[in-house]
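S.K.: Provided below are the primary sequence and the corresponding predicted coordinates.
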Protein chains: 2
Amino acid sequence: MNPLPIAEWLAAELGPVAPKAHRSKRSATPRYRLLYDALRRAILSGQLPAGERLPSTRELALDLKLSRNTVVTAFDQLIAEGYIVTLTGSGTFVTDRVQGQRPPIPKSALAGRRLTLSARGERLIASDPAITQEIQPFVPDLDDFSAFPVKIWQRLQNRHWREARSELFDYGAGGGYRPLREAIARYVSLARSVQVSPEQVLITAGTQHSILLCAGLLANAGDTAWVEDPGYWGARKALGATDVHLRPIAVDKEGLKPSLADLETRPRLIYVTPSHHYPTGAVMSLSRRQALLDFAGQHGAWVLEDDYDSEFRYSGRPISSLQGLDSHDCVIYLGTFSKTLFPGIKLAYMTVPPGIAEAFKSALYDLQRPGQMMTQATLADFIAQGHFATHMRKLRQIYGSRREILVKTLRPIIGSLATISREASGLHLLIELPESANDIALAALAATEGLVVRPLSTYYLGEHRRKGLLAGFAYVPTHEIARHARRLGEAIRRGMRSYG
Amino acid sequence: MNPLPIAEWLAAELGPVAPKAHRSKRSATPRYRLLYDALRRAILSGQLPAGERLPSTRELALDLKLSRNTVVTAFDQLIAEGYIVTLTGSGTFVTDRVQGQRPPIPKSALAGRRLTLSARGERLIASDPAITQEIQPFVPDLDDFSAFPVKIWQRLQNRHWREARSELFDYGAGGGYRPLREAIARYVSLARSVQVSPEQVLITAGTQHSILLCAGLLANAGDTAWVEDPGYWGARKALGATDVHLRPIAVDKEGLKPSLADLETRPRLIYVTPSHHYPTGAVMSLSRRQALLDFAGQHGAWVLEDDYDSEFRYSGRPISSLQGLDSHDCVIYLGTFSKTLFPGIKLAYMTVPPGIAEAFKSALYDLQRPGQMMTQATLADFIAQGHFATHMRKLRQIYGSRREILVKTLRPIIGSLATISREASGLHLLIELPESANDIALAALAATEGLVVRPLSTYYLGEHRRKGLLAGFAYVPTHEIARHARRLGEAIRRGMRSYG
């Protein structure tokens, strides 16, 4: 190629480079870029072979009717990236280090490559995806977060944005925004009997992150974790992703019930939801709590207490935390604002014993570089000024009445076909079915009606699976509940005739 | 104990329960709670043994001068938690399942427990904590994020909060907020020559999270990852936390330079910063890029391209991405808004080949339950309306001039004692020192002046360590740079006499 053909070929390649005035607004690609792309393609494909001399920028600008500056910019970029090189006095050449002519690897040779997920990755996606195990939807199209006091939140938030303190733009070291950690320490010690100082509180980006951090710092690959069966998919996914071996432990009406064989397994981690078992709602009895803490203390196991929604008890007081009973410093308490504020806020917290608090703060920063300090500061004010308590009272009232309408509507329709758990708490209802029922088919039937309920049997790892349907009611507008509850009840009745 | 002593003892215990009118505002603990706590303590300690009959709520209310309701609430709570039980017609008793008398485990028996970090956790915190390896500070007290257009951001953000769409309160499935993924796909394809469709883009909570996701899905425990040496601590921490074995690979002026021995190691992951090596700033040459891609394609290794700050080139155009050269679909491209907006925003992105996009979206949701949708929506508008491009131009101008002042001030002071890298890019400067220099002592000396620079040698895993100082300049106010740069220069000159 001599200069003329290069320019001609480029002119053809650059067809779309119309004069500036004629270019539509949408064609935002700068002209230097089009030239750069055309030259780069030619070099990579071997059309412009190594050692080829390029026309001068002046010549090329004239030939292509581009400004000299455009051509210089494209050349500079190609030089910076090593495609071409300028030798003073001699001109500009395609660099000889580019193996432009090397044949592409044939597709057949690629077939055997391991460019796939790892075995760990395959395991992770082999289990049911979370999106099919989230409970909240019951009538997903109606999701209602209107109880959240948006105006108050905006006012608090805008104040911090206006002040624009540097600290709130940066990452958050030391476990999170100090006033938020203080507010949380006060809240959990008062409301949940957690024994804790602000130094022991860490702000995380969600319970999943809290669990990942615990798995990384407290367990080794191959260690065993006890998980409840049925149980929370999120904990299993997080533990599995860090190669912790899961041992499912049965849960009955009094909570976790390890068998004698289980007791021989020496777990390193024990993940539990003692205040409100996920997803059945069982409350762990005091004797089970004490036995669990003794076992953990004696065998050096860490207990992860996930207190994900115990704020929502519509009669009586919240059950106290396991952490508050712990005299072995073996409990890590996990809480979240996903349920009390809104799911996407991505702020959660954990409390850790004093002896490991510094290690956890350091690892939190190392692995997650926590931020969202504007949101943390807004939330700290929201709690300190009493809005959180007000909001919780309001939510308990709203969700409690939603639950009541759902129960009252369902009960006469399903009659003795199924049992609705009495315990008035949480954000979803467990409709218990007889062992013979096919809860998966029932949930599929409800789905054809646009109603999303989850089959209890899919929350088990072990063989013995109780049957039931989990129906989230919290986010369905109150005045819509009865109508959809009737449809759900009818679907269950219809389904139980077919799949009962 | 008969009813009277219990009441007397409780009255003593409850000393602080003054009549309502006399209680100070700060004593927020409700009275039922104080009673509950006192009874619970007595039961747990064995003062009230199993089987003990409690006085009736009416008697106790009279004796303690509390309202009947207060006592009933406390009893209800104790019943709910299993401490006491009411037998109809007989009264209320301390439940016999509480092993109130069981001796506490002596501290000596606890000494041998493994209630400590795991070996994995110990490894994680044994390496330098991130907080000592973050480069940005140079004059930390002056951190300046005032270039960020707070008012525009607030306006866009408040619009979404006012609209309060349910979708923006929930978790984000499908890889993140669709319009943001589209905006990012356009941006990286135009600015970084990344070949990508919005379906391949995932929004994460930071580059650390992107790397953790890759390690979980693409590698198994025990697999090898190549990491640059010197290199980014964050990648090493994330890979180490998922038990990936790190192999440090030398980096020279042309980027990653594996030895023959390295080439025998069959890495599963290769983590690189080809556009602007962290922390030295080297740009990977085209021939190295091609060799790396060929090696990865042929051996089934995944390349993680971390393009953390390549937006910041103060002369010339940004270097194109490695991903854009990839014909093997083996590159995962990682970008972040931590540098272009502000660190704590906690929004980053990754692009993955089409064949694994669905698996990644599913795992992203399963492991991280992504949210912050209000922020994602605000950012999508910020980009689409051109504010991002304007902001980037402004930042390049500001940071470019900050860099220039730093270089011009330092150069005459340090003279031939050290070399300042010429390449005008990034957010920090590398001041290269002779092999004999003690960069750790020099950084410590600067720290005594309140100046934070990082010793290059601490970014190495291997034995061969170049010496230098890394000085972040981006967040120091422009008018303050010269003054502090002189102090830094003087400190280096002074230190080089002692430790050079």
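M.R.: Nice, thanks for sending it over.
S.K.: Three-state assignment for the residue of the stretch 401-500 of chain A found nearest chain B, please.
M.R.: Nearest residue of the stretch 401-500 of chain A to chain B, counting by Cβ to the nearest Cβ: A:Tyr475, 8.0 Å away. (C-beta placed from N, C-alpha, C; glycine too.) Following DSSP: H, G, I helix; E, B strand; the rest coil, we place A:Tyr475 in the coil state.
S.K.: Ramachandran coordinates for A:Ser310?
M.R.: phi -70, psi -10 (degrees, to the nearest 10).
S.K.: now the helices: where do they sit in the stretch 51-200 of chain A?
M.R.: A:57-64, A:68-80, A:107-110, A:119-126, A:150-163, A:178-192 (DSSP state H, counting those that start in this stretch).
S.K.: The closest residue to A:Pro258 other than its chain neighbours bridge partners, please.
M.R.: In space, A:Pro258 comes closest to A:Ile249 once its chain neighbours are excluded; the distance is 5.1 Å by Cβ to Cβ, 6 or more residues apart in numbering or on different chains. Under the criterion DSSP bridges, A:Ile249 forms beta bridges with A:Glu228.
S.K.: how close does A:Ile249 get to chain B?
M.R.: 20 Å (Cβ to the nearest Cβ, to the nearest Å).
S.K.: who touches the residue of the stretch 401-500 of chain A closest to chain B in this structure?
M.R.: A:136-138, A:142-145 (Cβ atoms under 8 Å, 6 or more residues apart in numbering or on different chains).
S.K.: How about it, nearest residue that isn't a chain neighbour?
M.R.: A:Asp143 (4.8 Å).
S.K.: for A:Leu39, same thing?
M.R.: A:Leu78 (6.0 Å).
S.K.: so how many other residues sit close to that neighbour?
M.R.: 24 (other Cβ atoms under 10 Å in any protein chain shown).
S.K.: Test my guess that it contacts A:Ile84.
M.R.: Yes: counting by Cβ atoms under 8 Å, A:Ile84 is a contact partner of A:Leu78 at 4.6 Å.
S.K.: Tell me, please, the helix or strand in chain A that averages the lowest pLDDT.
M.R.: Across the helices and strands of chain A, mean pLDDT, DSSP states H and E gives its lowest value to helix A:107-110, namely a mean of 42.
S.K.: And stretch A:340-351, how far out from the chain middle?
M.R.: The chain centre lies 11 Å from the centre of stretch A:340-351; the measure is Cα atoms, centre = their mean, to the nearest Å.
S.K.: coming back round to it: what about the residue nearest to A:Tyr475, how many neighbours?
M.R.: Residues within reach of A:Asp143, counting by other Cβ under 10 Å, total 21.
S.K.: Next up, phi/psi of it, please.
M.R.: Per degrees, to the nearest 10, the backbone of A:Asp143 is at phi -30, psi 120.
S.K.: What distance do you get for it to B:Arg165?
M.R.: 10 Å (Cβ to Cβ, to the nearest Å).
S.K.: re the thing from before, ok, how many other residues are close to the residue nearest to A:Pro258?
M.R.: Residues near A:Ile249, counting by other Cβ under 10 Å: 25.
S.K.: wait, doesn't it sit right on A:Thr265?
M.R.: No: counting by Cβ under 8 Å, A:Ile249 stays clear of A:Thr265, with 9.3 Å between them.
S.K.: Could you name every residue contacting both of these two?
M.R.: Common neighbours of A:Ile249 and A:Thr265 (Cβ under 8 Å, 6+ apart) are A:Trp226.
S.K.: pLDDT score for A:Arg40?
M.R.: pLDDT, A:Arg40: 84.
S.K.: To clarify, my last question referred to A:Glu182.
M.R.: 96.
S.K.: How many neighbouring residues does it have?
M.R.: A:Glu182 has 17 nearby residues by other Cβ under 10 Å.
S.K.: Against B:Asp262, how distant is it?
M.R.: Computed as Cβ to Cβ, the A:Glu182 to B:Asp262 distance reads 50 Å.
S.K.: Also A:Ile405?
M.R.: Taken as Cβ to Cβ, the span from A:Ile405 to B:Asp262 is 66 Å.
S.K.: Find the helix or strand that the most centrally placed residue in chain A is a member of.
M.R.: For chain A, the residue sitting closest to the mean C-alpha position, by Cα atoms, centre = their mean, is A:Gln208 at 6.7 Å. Assigned by DSSP states H and E, A:Gln208 belongs to helix A:207-218.
S.K.: angle of that helix against helix B:119-126?
M.R.: Counting by axes from the mean of the first three to the mean of the last three Cα atoms, to 10 degrees, helix A:207-218 lies at 90 degrees to helix B:119-126.
S.K.: quick revisit: could you tell me the least trusted of the helices of the stretch 51-200 of chain A?
M.R.: helix A:107-110 (a mean of 42).
S.K.: tell me which residues in stretch A:57-66 are buried?
M.R.: In terms of neighbour count (16 or more other Cβ atoms under 10 Å in any protein chain shown), stretch A:57-66 has its buried residues at A:57, A:60-61, A:63-64, A:66.
S.K.: With distance to chain B as added columns, please give the residues you listed in TSV.
M.R.: Below are the buried residues of stretch A:57-66 laid out as TSV (distance: Cβ to the nearest Cβ, whole Å):
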residue	distance to chain B
A:Thr57	15
A:Leu60	18
A:Ala61	18
A:Asp63	22
A:Leu64	19
A:Leu66	16
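S.K.: Three-state assignment for the nearest residue to A:Thr340 once chain neighbours are set aside, please.
M.R.: Taking Cβ to Cβ, 6+ apart, and ignoring the residues beside it in sequence, A:Thr340 has A:Glu311 as its nearest neighbour in space, at 5.7 Å. For A:Glu311, the assignment made with three-state DSSP gives coil.
S.K.: same thing with A:Lys361?
M.R.: helix.
S.K.: tell me the contacts of the nearest residue to it once chain neighbours are set aside?
M.R.: Taking Cβ to Cβ, 6+ apart, and ignoring the residues beside it in sequence, A:Lys361 has A:Gly175 as its nearest neighbour in space, at 4.3 Å. By Cβ under 8 Å, 6+ apart, A:Gly175 lies in contact with A:181, A:201-203, A:357, A:360-361, A:364.
S.K.: Please spell out the PyMOL selection for the buried subset of those.
M.R.: To isolate the buried ones among these in PyMOL, judged by 16+ other Cβ under 10 Å, type:
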select buried, chain A and resi 181+201+202+203+357+360+361+364
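S.K.: Show me what A:Thr351 bridges to in the sheet.
M.R.: With DSSP bridges as the rule, A:Thr351 is bridged to A:Val201, A:Tyr333.
S.K.: Does it touch A:Gly324 like I think?
M.R.: No: between A:Thr351 and A:Gly324 there is no contact under Cβ under 8 Å: 10.7 Å.
S.K.: what sits in contact with each of these two?
M.R.: A:Val194.
S.K.: quick one, which of these two is more surrounded?
M.R.: For A:Thr351 versus A:Gly324, neighbours defined as other Cβ under 10 Å are more numerous around A:Thr351 (29 against 19).
S.K.: Low-confidence regions, chain A specifically.
M.R.: A:1-5, A:9, A:12-28, A:96-115, A:317-318, A:499-500 (pLDDT under 70).
S.K.: Quick check: longest helix in it by residues?
M.R.: Taking DSSP state H as the criterion, chain A has its longest helix at helix A:387-414.
S.K.: now the angle from that helix to helix A:150-163?
M.R.: Using the same axes, to 10 degrees: helix A:387-414 against helix A:150-163 is 150 degrees.
S.K.: I'd like the distance from helix A:387-414 to the chain centre, please.
M.R.: Taking Cα atoms, centre = their mean, one finds helix A:387-414 lying 27 Å from the centre of the chain it belongs to.
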